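Novice: Compute the structure for the input listed below.
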Amino acid sequence: MSIYLFNIALIILYGIVFLYTPKFRNRKLFCAMASLNWILLSGLRHISIGADTYVYKVYSFEISRKLTWYEIFNSFCLFFKGESLIMEPGYRMLERVTQIFTTNYQVYLIVIAIIFTVPLGKWIYKNSREPLISFLLYSVLFYSFFAITGHRQTIATALVVLIGYERIKKKQLFAFLGLVVVAFTIHKSAIAFLPFYFLANKKITKNYLITMLAIFPVIFFFRFQLMSLLVNIVGYEVYLFEYEGAGTWTFTLILLLVFGVTVWKHKTMLSNNPQVIHSINALILAVFLTPLTFINPNAMRAVQYYSLFLMLLTPDIILSFNKKERVIVYYVATGLLLLLFIRNNPSYLFYWQ
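Specialist: Presented below is the predicted three-dimensional model:
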C-alpha cells in the first residue's frame, strides 16, 4: 500500500505547486505529471497485481501470438454475425498489432496504460474545475479497475468516455457512433454508454432529480428484469446468475450521497458551470444501473462508464459552497477519500520484485 500512498502524496504535492502556487501555476503540467505517475504504476506492476493481469497474459496475449492475420480478420466477420467463440476481435487485433513491435507482455501493459491514462489526463484537464480532486478520486475509487485489472474495458472506456465525451459535447453523432462500434469490438459492454449521447443534455430540475431518486427503489425491486434486458443487449449471459453476497454497498452509498448533495446544490452548480448538466445526467444513469450489482458484481462494468463522471461532478459540488464552507468540504472530502483508500489496504509490487 505504501507505493499507492506515496503516489497520492506526490499528486497532492503536484497540486500544491502547479495548481495553487501562483508563481508556478500550470494546470496542463499538473495533469501531465499526475498521468505519468499512473502510467508508471500501471505499466510497471507485477503480473500478480490485478485480478486479470496474469489471465490476460496466458489466455489472450500468448494465444494472439499464434493467430494468423486471416484468423484475426475472419474473427470480425464471425463476431458481427454472432458466431464468434473467442473474445472480442478488436482486442485481439490490438494485441497482434502491438506484437509487431514487441512480444514483451510488460511493454504491452505500458501500452495499455498509455492508451487509457493519456486520454484520462486530457479529459480531466479540459473538463474538471478542480483537477487535484479528480485525480484523487481516480486514485481511490477507479484505479483498481482501470489501472491494474481490466484490459479490454479499460481500452473501451478510453474510446467511448474519455474520447467520446468530446464528440458528445460537439454533437458529432456519427463520430461518436464510430467510437462505440470500435469499442464494442474490444468489449461489448461499451454499448451501455450509447444512451448517454441522447440523455447528456436532459434538462435538470429539482422535480426531475427528486423523481429520479424516488424511482431508485423501484429499479432495485425490478433489478432482475432490468438485468435480463441488459444481458440481451450486451450479450453476457453469465450476468444472469445471482451471486450470494453480491452488492457494492460502499460504492452505492457514495453514489446516493453525491446524488443527495446534487439535488440540494444543483442550481448553484448549473449557474457556476452549465456543462455540469452532463455529469449530473451521468450520475443519474450510474445510480439507475447500480441495483444490478446486487445480482452480479460484474454489472459494475456498465456502471463504470457513467460513474467516471464523479471525477468531474465532485469538484463542481465543492465549488457550489461559499468560500468558508468550501475549505471545510474540500478537506473533509479529501480526508474521507484517504480513509476509504487506507481501509481497502491494496497491495502492490513492481515487475522486478
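
Novice: And the closest residue to R65 other than its chain neighbours, how far from P217?
Specialist: Taking Cβ to Cβ, 6 or more residues apart in numbering as the measure, R65 lies nearest to Q99, with 5.8 Å between them; neighbours along the chain are not counted. Bear in mind the C-beta positions are built from the backbone N, C-alpha and C, glycine included. Computed as Cβ to Cβ, to the nearest Å, the Q99 to P217 distance reads 49 Å.

Novice: More neighbours: those two, which one.
Specialist: Neighbours per residue (other Cβ atoms under 10 Å) separate Q99 from P217, with Q99 holding more: 16 against 10.

Novice: in which helix or strand would I find the more buried one?
Specialist: Of the helices and strands defined by DSSP states H and E, Q99 is found in helix 89-101.

Novice: just how off-centre is the host helix or strand of I11 within its chain?
Specialist: With the criterion set as DSSP H and E, the secondary-structure element containing I11 is helix 2-18. Using Cα atoms, centre = their mean, to the nearest Å, the distance from the centre of helix 2-18 to the centre of the chain it belongs to is 21 Å.

Novice: Count the residues that sit near Y331.
Specialist: If you count neighbours by other Cβ under 10 Å, Y331 ends up with 10.

Novice: Is it located within a helix, as I assumed?
Specialist: Yes. Applying DSSP: H, G, I helix; E, B strand; the rest coil, one finds Y331 inside a helix.

Novice: Next, the contact list for the closest residue to F193 other than its chain neighbours, please.
Specialist: Closest residue in space to F193, ignoring its immediate chain neighbours: Y305 at 4.2 Å, by Cβ to Cβ, 6+ apart. Contact analysis of Y305 by Cβ atoms under 8 Å, 6 or more residues apart in numbering lists T157, V160, V161, S189, A190, A192, F193, F196.

Novice: elements contacting the helix holding Q99?
Specialist: In terms of contact count using 3 or more Cβ pairs under 8 Å, 6 or more residues apart in numbering; DSSP states H and E, helix 89-101 is assigned the packing partners helix 62-64, helix 69-80, helix 105-127, helix 152-157, helix 173-184.

Novice: picking that back up, correct me if wrong: the residue nearest to R65 contacts K66.
Specialist: No. Applying Cβ atoms under 8 Å as the test, Q99 and K66 come out as separate, 10.4 Å apart.

Novice: Show me the common contact partners of those two, please.
Specialist: With contacts taken as Cβ under 8 Å, 6+ apart, not a single residue reaches both Q99 and K66.

Novice: Can you show me the helices along the stretch 251-353 of the chain?
Specialist: In the stretch 251-353 of the chain, helices defined by DSSP state H, counting those that start in this stretch lie at 276-289, 300-307, 310-319, 323-344, listed in chain order.

Novice: okay, those in a markdown table with mean pLDDT and distance to L179 next?
Specialist: Below are those laid out as a markdown table (pLDDT from 0 to 100; distance: least, Cβ to Cβ, whole Å):
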| stretch | mean pLDDT | distance to L179 |
| --- | --- | --- |
| helix 276-289 | 94 | 16 |
| helix 300-307 | 91 | 12 |
| helix 310-319 | 96 | 19 |
| helix 323-344 | 84 | 30 |
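
Novice: Okay then, goodbye and thanks.
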